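*Asks:* coordinates for the following, if possible.
(one chain, ligands or ions: 1)
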Amino acid sequence: MLPYFPFGNEFDHRMGTSAVRTDESLVEVDDEYVADIELKRNLLAQNHDYYFRAQPNTEIAQWDVLERLLTEAAQQYPAFFSLNKTGTRWHWINHKLDEDYRFTVGDLASLPLAPLDWAGQQVQEDLIILSADDTAALVAGQLCFPNGWCLDDKFGQTFLGIHHPAPSMVQPTLQAAHKLLQRIPLHRPVWRASWNFKITDQLDMSTKYSAEYNDTLARIAPTLTPDTIGDQLFIRIERQTFTRLPKSGAVLFGIHTYQNSLQNEAENPERAQQMLGTLRTTPRQMLTYKAIAPFEDALIDFLERNI
Ligand code: HEM
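*Replies:* Numbers count the residues shown, from 1 in each chain. Just a heads-up that it's a prediction; the model follows:
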């Protein structure tokens, strides 16, 4: 079952942000951990610049991210990760991957990769750094599992510029989100969840796959029926966290993507009802933008049978 389920009685126009509680973490490890890290590393090995980019002035923010994520990961998952700190000399053991690293925080030469690139290869989350100034521009990122975008599309753009293609009806929400990002206090991260339905569970849905996805969707969607759609559709949920970083003042945007087949989730009638509630009230413009419109009728019929 998906650990986050942002569906309800009706489509929610609001940002949907909540505080990350002190017993929660920016890093989450699920059953896909080893497979996800292997996939990430393969993607980076094949086409590094497509999946990782950083402006030269982001070093302090990158160390901020590394320090924060490693500390939280070791606290939250002591069976998986150990971290020993002697001043700036850190010793990190990743028991799940059987890896052992010693490095000096702040010393680039002590790590094999840029700090953000290295830290991103220890956790399942995609990691984006937003500038400390009011524009919240995308200044660095390791992005292997995006849903329909990529660093090349958005690098250097401001928060509002990045969201330019989003439907006009969510513009007030984005204005509020922009203000929120400018004001996130230190040590008070927030999170939200976003949702979509896809005809694939391919994690890397970077822009380079968009044309192929749309072609397949156009071909497959008319063949989907309430009898078959349960196994052919996947629910894609992003747990998104936003954290002010202490030394740089930048904001870390972390994205953990969770997926499950529609069938598995709809077997729970309460969940089927919640998906129905949201889908029936989602504005047309949004259903089209999310590329749900081509299979919307079969999806709704299927859910009605499951409640
Ligand atoms: C509280 C913060 C945020 C809110 C409320 C928010 C909200 C939204 C909404 C409503 C959409 C339209 C599609 C959908 O509903 O799934 C969207 C799309 C998107 N968001 Fe955000 N977002 C936030 C933070 C961010 C950040 C920090 C980034 C990256 C720097 C980002 C990147 C994107 C991208 C790339 C898209 C797709 C845009 C496109 O079609 O090209 N979002 N966001």
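*Asks:* every contact and neighbour count from this point should use C-alpha atoms.
*Replies:* Will do.
*Asks:* hang on, residue 166 in a helix?
*Replies:* No: counting by DSSP: H, G, I helix; E, B strand; the rest coil, residue 166 is not part of a helix but coil.
*Asks:* enumerate every residue touching it.
*Replies:* In this structure, residue 166 makes contact with residue 289, judged by CA atoms under 8 Å, 6 or more residues apart in numbering.
*Asks:* what separates it from the ligand, distance-wise?
*Replies:* Computed with CA to the nearest ligand atom, to the nearest Å, the distance linking residue 166 and the ligand is 5 Å.
*Asks:* just residue 32 next, same as before
*Replies:* 23 Å.
*Asks:* for residue 85, same thing?
*Replies:* With the distance defined as CA to the nearest ligand atom, residue 85 ends up 31 Å from the ligand.
*Asks:* make 449 the starting number, not 1.
*Replies:* That works, and once the first residue is 449, the last one we named lands at residue 533.
*Asks:* list the contacts of residue 738.
*Replies:* Contacts of residue 738 were listed using CA under 8 Å, 6+ apart, and they are residue 644.
*Asks:* redo that, cut-off 6 Å
*Replies:* If you count contacts by CA atoms under 6 Å, 6 or more residues apart in numbering, residue 738 has none.
*Asks:* can I get the helix or strand where residue 684 lies in PDB, CA atoms only?
*Replies:* Assignment of secondary structure by DSSP states H and E places residue 684 within strand 682-692. Coordinates of the C-alpha atoms in strand 682-692 are reproduced here as PDB (Å, rounded to 0.1, in the frame of the first residue of the first chain):
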ATOM      1  CA  PHE A 682      -0.100   2.900 -11.800                       C
ATOM      2  CA  ILE A 683      -0.700   5.500  -9.100                       C
ATOM      3  CA  ARG A 684       2.300   7.800  -8.800                       C
ATOM      4  CA  ILE A 685       2.700   9.700  -5.600                       C
ATOM      5  CA  GLU A 686       5.500  12.200  -4.800                       C
ATOM      6  CA  ARG A 687       6.300  13.000  -1.100                       C
ATOM      7  CA  GLN A 688       7.800  16.400  -1.500                       C
ATOM      8  CA  THR A 689       9.800  18.100   1.400                       C
ATOM      9  CA  PHE A 690      11.000  21.700   1.600                       C
ATOM     10  CA  THR A 691      13.800  22.500   4.100                       C
ATOM     11  CA  ARG A 692      15.700  25.700   4.800                       C
END
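*Asks:* list the buried residues in the longest helix seen in the chain.
*Replies:* Across the chain, the helix with the greatest residue count (assigned by DSSP state H) is helix 507-524. Neighbour counts over helix 507-524 (16 or more other CA atoms under 10 Å) mark 507-524 as buried.
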